[in-house]
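Colleague: For reference, the sequence and a predicted model appear below.
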Amino acid sequence: MEVRRGYKQTEVGVIPTEWLCLTIGDIAFPSTEKNTDRRNLPVLSCSKHYGFVDSLVFFSKQVFSDDISSYKIIRRGEFGFPANHIEEGSIGFQVNYDEAVVSPIYVVFRISVKVNGTFLYAILKTERYRQIFRSSTSASVDRRGSLRWPEFSSIKVPVPPLSEQIAIANAINDFDELIASLEYLTGKKRNIKKGMMQDLFTGKRRLPGFSGQWKESELRELISEVIDNRGRTPPISVEGQPVIEISSVYGEKKYPDYSKVSKYVDYETYKTWFRDGHPAEGDVLIGTVGSVGASAVMDDNIGCIAQNIVGIRFLSNYNSDFFYYFTNTDDFKSQVNAVLMGAVQPSLKVPHLLSFKIKHPDEDEQTAIAKILSDVDSEINELERKLAKYRMIKEGMMQELLTGKMRLV
């Protein structure tokens with residue numbers, strides 16, 4: 001294959017002619033200093049997606065030894081990875097503390113002043129290098145499947161001039177700041193929604209124009225039908241009507257996530273196999289096994305349900321969106337937990353579900369509450385759409401910048 005002018009073929013692929021192809025050992029040096037004086041330093045763990053995290057905060061409990069004198073010191077600007085898990089992409093760039101410690105199983109290294117840490121970290125976190133770590137771990141002479149410094153340091157990386165590394169790092173940091181700000185806004189909006197639900201469903205806050213007492217009913221009093229096809233699995237086809245499973249209603253999405261669908265039924269099966277019919281627009285789906293109590297509202301007449309999910313169809317004077325939001329409250333979750341407590345195989349039986357108690361206003365106030373919460377959901381969805389867009393743009397930009405296809409200098 002012909003290499004275009006200004007580029008060269010190397011062991012790391014085609015890169016600009018002024019870039020170098022070096023081993024990690026050419027630009028980095030191992031650090032083995034231990035916390036022998038038993039200083040009370042933060043203990044870090046390394047995750048695949050977040051890099052270094054504070055162990056106590058991340059795990060919400062202590063998972064490290066009481067005696068950390070054998071733990072390795074890792075300073076700000078240094079790198080580290082668990083030698084037995086790097087094939088998962090678990091490598092970190094320590095930027096949160098002047099000094100911290102990591103488990104003795106970690107390999108810690110510092111880099112040359114000719115290398116920008118953010119640039120190198122971006123390189124090492126790509127899917128390409130995760131695959132390299134995996135193959136290097138598999139080929140390691142270490143019988144435990146670990147990747148130690150001698151093997152790790154022989155891995156080759158592209159190294160642009162420092163000025164270009166810094167320009168690339170700045171571009172990455174700008175995108176990271178934008179993504180972080182959107183993540184913050186999304187989290188803040190979710191917290192606002194949670195507070196609104198707590199206030200609105202307890203009657204602590206009433207919307208303008210509404211008054212009067214709320215009623216308390218069992219769910220069975222408010223519904224017209226339960227769609228329950230559990231007990232056997234339909235014959236599966238490669239295409240046709242989607243089978244909505246628990247993965248499609250798990251999470252904070254109001255409507256079923258059809259991108260999670262992996263099974264389908266053909267037309268004949270859809271028409272004849274399901275004894276209780278199919279969920280329709282406005283029905284609420286409830287998970288009965290696995291993610292018990294997970295819920296979603298059908299926004300179309302597409303799909304069918306079988307195992308681990310039932311559909312609830314409401315009377316015409318009850319707002320199904322209102323019930324969906326009720327399933328996200330502490331009240332509903334506590335009723336689910338009361339049923340599951342002590343169960344050998346946690347599951348939610350339909351009679352138990354129908355006995356759940358719900359406090360509710362008249363239909364007009366139900367509709368108003370559902371609308372205000374739905375509006376907040378729309379704002380959250382828009383923020384998530386922007387987040388997905390910018391993450392995708394960043395991914396594409398990094399692919400271009402880290403291979404030299406796009407130049408900033």
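Modeller: Noted; the coordinates are in hand.
Colleague: so how far is residue 197 from residue 367?
Modeller: Distance of residue 367 to residue 197, given as Cβ to Cβ, to the nearest Å: 16 Å. Any C-beta I mention is one placed from the backbone N, CA and C, and that applies to glycine too.
Colleague: Neighbour count: these two, which is higher?
Modeller: residue 197 (19 against 14; other Cβ atoms under 10 Å).
Colleague: who's in contact with that one?
Modeller: Going by Cβ atoms under 8 Å, 6 or more residues apart in numbering, residue 197 touches 325, 328-329, 373.
Colleague: likewise residue 73?
Modeller: For residue 73, the contact set (Cβ under 8 Å, 6+ apart) comprises 31, 33-35, 41, 99-101, 108.
Colleague: And for residue 174?
Modeller: Per Cβ under 8 Å, 6+ apart, neighbours of residue 174: none.
Colleague: My reading is that it lies in a strand. Confirm?
Modeller: No: Residue 174 is assigned helix when assessed by DSSP: H, G, I helix; E, B strand; the rest coil, not a strand.
Colleague: which is the next helix or strand following the helix or strand hosting residue 270?
Modeller: Assigned by DSSP states H and E, residue 270 belongs to helix 267-272. Using DSSP H and E, the helix or strand that follows helix 267-272 towards the C-terminus is strand 284-287.
Colleague: Just give the number of residues close to the spatially closest residue to residue 348 that is not a sequence neighbour.
Modeller: Leaving aside its sequence neighbours, residue 348 sits nearest to residue 288 (Cβ to Cβ, 6 or more residues apart in numbering; 4.4 Å). Residue 288: 22 surrounding residues under other Cβ under 10 Å.
Colleague: now residue 288: how far from residue 408?
Modeller: Separation of residue 288 from residue 408 (Cβ to Cβ) stands at 54 Å.
Colleague: same thing with residue 357?
Modeller: Taking Cβ to Cβ, one finds residue 357 at 61 Å from residue 408.
Colleague: Residue 294 now?
Modeller: Separation of residue 294 from residue 408 (Cβ to Cβ) stands at 45 Å.
Colleague: the more surrounded of the two?
Modeller: residue 294 (21 against 12).
Colleague: Please verify my assumption that the more buried one contacts residue 247.
Modeller: No: the criterion here is Cβ atoms under 8 Å, and residue 294 misses it with residue 247 at 9.4 Å.
Colleague: would you list every one of the helices in the protein?
Modeller: Assigned helices in the chain, in chain order: 24-27, 55-59, 117-124, 127-139, 149-152, 162-201, 267-272, 320-326, 330-340, 350-354, 363-401 (criterion: DSSP state H).
Colleague: Now distance to residue 283 and mean pLDDT too, for those helices, in TSV please.
Modeller: Formatted as TSV, the helices of the chain follow (distance: least, Cβ to Cβ, whole Å; pLDDT from 0 to 100):
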stretch	distance to residue 283	mean pLDDT
helix 24-27	56	97
helix 55-59	39	90
helix 117-124	46	96
helix 127-139	40	85
helix 149-152	54	94
helix 162-201	21	95
helix 267-272	16	94
helix 320-326	7	96
helix 330-340	17	93
helix 350-354	14	95
helix 363-401	15	95
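Colleague: Point out the most buried one among those helices.
Modeller: helix 320-326 (a mean of 23; mean count of other Cβ atoms under 10 Å).
Colleague: list the helices and strands it packs on?
Modeller: Helices and strands touching helix 320-326, by 3 or more Cβ pairs under 8 Å, 6 or more residues apart in numbering; DSSP states H and E, are helix 162-201, strand 284-287, strand 295-297, strand 309-314, strand 357-360, helix 363-401.
Colleague: which one of the ones you listed lies closest to residue 89?
Modeller: helix 363-401 (14.4 Å; Cβ to Cβ).
Colleague: That closest one versus helix 117-124: what angle between them?
Modeller: 100 degrees (axes from the mean of the first three to the mean of the last three Cα atoms, to 10 degrees).
Colleague: Might you calculate how far helix 363-401 sits from the centre of the chain?
Modeller: 15 Å (Cα atoms, centre = their mean, to the nearest Å).
Colleague: just stretch 194-212 next, same as before
Modeller: That offset, for stretch 194-212, works out to 31 Å (Cα atoms, centre = their mean).
Colleague: ok, now stretch 396-409?
Modeller: Using Cα atoms, centre = their mean, the offset of stretch 396-409 from its chain centre is 27 Å.
Colleague: ok, and what's touching it?
Modeller: 7, 13-16, 19, 122-123, 126, 158, 160-161, 163-164, 167-168, 171-172, 175.
Colleague: could you redo the last one with a cut-off of 7 Å?
Modeller: 13, 15-16, 19, 122-123, 126, 160, 163-164, 167-168, 171-172 (Cβ atoms under 7 Å, 6 or more residues apart in numbering).
Colleague: now stretch 353-372
Modeller: 200, 207, 210, 214-220, 222, 286, 317-319, 321-322, 325-326, 335.
Colleague: out of those residues, which are buried?
Modeller: With neighbours counted by 16 or more other Cβ atoms under 10 Å, these contain buried members at 200, 214, 219, 222, 286, 318-319, 321-322, 325-326, 335.
Colleague: could I get those residues as a markdown table with distance to residue 149?
Modeller: As requested, these are arranged in a markdown table below (distance: Cβ to Cβ, whole Å):
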| residue | distance to residue 149 |
| --- | --- |
| 200 | 57 |
| 214 | 66 |
| 219 | 61 |
| 222 | 65 |
| 286 | 52 |
| 318 | 65 |
| 319 | 62 |
| 321 | 57 |
| 322 | 60 |
| 325 | 54 |
| 326 | 56 |
| 335 | 55 |
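Colleague: most centrally placed residue in the chain?
Modeller: Among the residues of the chain, the one closest to the centroid is residue 49, at 9.2 Å (Cα atoms, centre = their mean).
Colleague: Please report the confidence value the model assigns to that one.
Modeller: Residue 49 is assigned a predicted lDDT (pLDDT) of 84.
Colleague: now it: how far from residue 80?
Modeller: Distance of residue 49 to residue 80, computed by Cβ to Cβ: 16 Å.
Colleague: what's the pLDDT at the residue nearest to residue 348?
Modeller: At residue 288, the model reports a pLDDT of 94.
Colleague: do residue 90 as well
Modeller: The model reports residue 90 with a pLDDT of 87.
Colleague: Grab the nearest non-local neighbour of it.
Modeller: Excluding its sequence neighbours, the residue lying closest to residue 90 (Cβ to Cβ, 6+ apart) is residue 46, at 4.7 Å.
Colleague: before we move on, what about residue 189?
Modeller: For residue 189, the spatially nearest residue (Cβ to Cβ, 6+ apart) is residue 380, at 5.1 Å.
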